[in-house]
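Enquirer: Everything below, folded, please.
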Amino acid sequence: MLDTRPAAPAPRGSRDAVRPTGRERPFAADELIVSKTDLRGVITYANDVFLRVSDYALDEVLGQPHNLIRHPEMPRAVFKLLWDGLGARQEVFAYINNLAADGGHYWVLAHVTPSYDASGAVVGYHSNRRRPARGAVQRVLPLYQRLLAEERRHPNARSAVAASSALLGEILAEQGQGYEEFIWSVINREES
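Expert: Purely as a prediction, here's the structure:
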């Protein structure tokens with residue numbers, strides 16, 4: 001059967017066309033950025049804070065992959081860790097730098113959880129993001145820069161993810177902690 005539905009609107013340019021400007025897009029400490037996706041990571045819901053901070057309209061994000069807002073300076077190893085955790089039906093906390101439609105960026109502390117139907121099957125994912133403390137981002141940056149440097153040494157995305165994931169595992173093992181413990185240690189240092 002021929003699908004006669006109109007195609008989903010293309011976002012304002014492709015991610016390749018959005019170039020980071022280095023300008024930070026602010027949002028208040030008491031605001032939550034919320035989105036929901038299906039099992040493939042396609043956006044099914046975005047709240048008004050998400051839309052304002054990302055500089056997209058609702059019709060530009062619905063039906064689009066959530067990686068629409070992936071900043072090129074974010075290590076792929078962090079996203080692999082996120083998807084691995086969600087695949088194991090676990091909630092995941094991560095510091096993420098996102099790219100807005102205007103090229104601005106905004107750091108978030110993301111809390112991503114599986115969404116379940118009445119029978120207990122995972123039907124998608126729910127993400128709440130809040131503004132991290134400036135000091136937390138400064139403590140995360142050196143780790144992320146090391147992972148990015150490792151990724152850039154490899155000829156393709158697959159080998160880059162494998163190499164940076166291995167490096168992340170080594171770094172965390174040296175510190176005697178997992179990624180979630182690392183995230184909580186950053187948060188706890190900030191609050192004390």
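Enquirer: switch to C-alpha atoms for all contacts and neighbour counts from now on
Expert: Noted.
Enquirer: what about Asn98, which helix or strand?
Expert: Using DSSP states H and E, Asn98 sits within strand 92-99.
Enquirer: longest single strand anywhere in the protein?
Expert: Assignment by DSSP state E gives strand 105-116 as the longest strand of the chain.
Enquirer: picking up where we left off before, CA atoms only for the strand holding Asn98, dumped as CSV, please.
Expert: Included here for strand 92-99 are C-alpha records, laid out as CSV according to Å, rounded to 0.1, in the frame of the first residue of the first chain:
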residue,chain,number,x,y,z
VAL,A,92,20.5,6.8,33.4
PHE,A,93,21.9,10.1,34.6
ALA,A,94,24.4,11.9,32.3
TYR,A,95,25.9,15.4,31.7
ILE,A,96,25.0,16.3,28.1
ASN,A,97,25.9,19.3,25.9
ASN,A,98,23.1,19.9,23.4
LEU,A,99,23.1,22.0,20.2
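Enquirer: what's next to that strand, contact-wise?
Expert: Among residues not part of strand 92-99, those counted as contacts by CA atoms under 8 Å, 6 or more residues apart in numbering are 20, 54, 69-71, 73-74, 78, 82, 85-86, 105-113, 132, 137, 140, 180, 183.
Enquirer: Equivalent analysis for stretch 170-186, please.
Expert: Outside of stretch 170-186, the residues that reach it under the criterion CA under 8 Å, 6+ apart are 92-95, 136, 139-140, 169.
Enquirer: Tell me the buried residues in that stretch?
Expert: Neighbour-count burial for stretch 170-186, with 16 or more other CA atoms under 10 Å as criterion, is recorded at 171-172, 179, 182-183, 186.
Enquirer: Just give me how far it sits from the chain centre.
Expert: 19 Å (CA atoms, centre = their mean, to the nearest Å).
Enquirer: do the same with stretch 141-158
Expert: Using CA atoms, centre = their mean, the distance between the centre of stretch 141-158 and that of its chain works out at 16 Å.
Enquirer: same deal with stretch 166-180?
Expert: Relative to its chain's centre, stretch 166-180 lies at 19 Å (CA atoms, centre = their mean).
Enquirer: Equivalent analysis for stretch 132-151, please.
Expert: How far stretch 132-151 lies from its chain's middle: 14 Å, per CA atoms, centre = their mean.
Enquirer: buried set for it?
Expert: Judged by neighbour count using 16+ other CA under 10 Å, the buried positions of stretch 132-151 are 132-133, 136-137, 144, 147-148, 150-151.
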